[in-house]
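**Student:** A structural model of the following input is requested.
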Amino acid sequence: MTGYDTSNIFAKILRGEIPAHTVYEDEAVIAFMDVMPQADGHALVVPKAPSRNLLDADPATLPALIAAVQKVAIASKTAFSADGITILQFNEAPAGQSVFHLHVHVIPRHDGQPMRAHSGTMEDPDILKANAERLRNALKRVA
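**Tutor:** Numbers count the residues shown, from 1 in each chain. The predicted structure is shown next:
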């Protein structure tokens, strides 16, 4: 396993070098919309502490990350009238990781509707903005 690369896209988002449709932020984590969503409302929850993935993360980082994932998942289920929520986390390229900063996918799911392929096609910014607003509004109601 190689070390953490500070030039990864999530590190750039955390430094404010690249914009993101942020839906939640506290001292330990940030959550924002995935620009290549596999379903409407697909969000990413990212710890602010640098780690390549779960395998090298400081264990002290994990409680805040998991708490934020739960909060975003609950809000996402409401915001997108989802029947369920898929939560994914990948470690290293052979497992499907493509951005090498620890992150968790929170994907609203609807009965009978398959997830879209992770095609590399970016979503329309207006749709991302609208979905971010829906999720932010639902997050206001999650304790």
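
**Student:** now the one residue sitting closest to the centre of the chain, which residues is it bridged with?
**Tutor:** Per CA atoms, centre = their mean, the C-alpha nearest to the average position across the chain is that of residue 44, at 0.3 Å. Residues in a beta bridge with residue 44, per DSSP bridges, are residue 32, residue 105.

**Student:** can I assume it is in contact with residue 35?
**Tutor:** No. Proximity of residue 44 to residue 35 does not meet the contact threshold set by CB atoms under 8 Å, at 9.4 Å. Where C-beta positions appear, they are placed from N, C-alpha and C, glycine not excepted.

**Student:** What residues sit buried inside the helix ranked longest in the chain?
**Tutor:** Using DSSP state H, we find that the single longest helix of the chain is helix 62-79. Residues of helix 62-79 classed as buried by neighbour count (16 or more other CB atoms under 10 Å): 64-65, 68-69, 71-79.

**Student:** Please produce CSV containing the residues you listed, extended by distance to residue 52.
**Tutor:** Formatted as CSV, the buried residues of helix 62-79 follow (distance: CB to CB, whole Å):
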residue, distance to residue 52
64, 18
65, 14
68, 19
69, 18
71, 24
72, 22
73, 23
74, 28
75, 28
76, 26
77, 29
78, 32
79, 30
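
**Student:** and which of these is nearest to residue 5?
**Tutor:** For the buried residues of helix 62-79, the minimum distance to residue 5 (CB to CB) is 19.4 Å, reached by residue 65.

**Student:** contacting residues around that closest one?
**Tutor:** 28, 29, 45, 47, 102, 104 (CB atoms under 8 Å, 6 or more residues apart in numbering).
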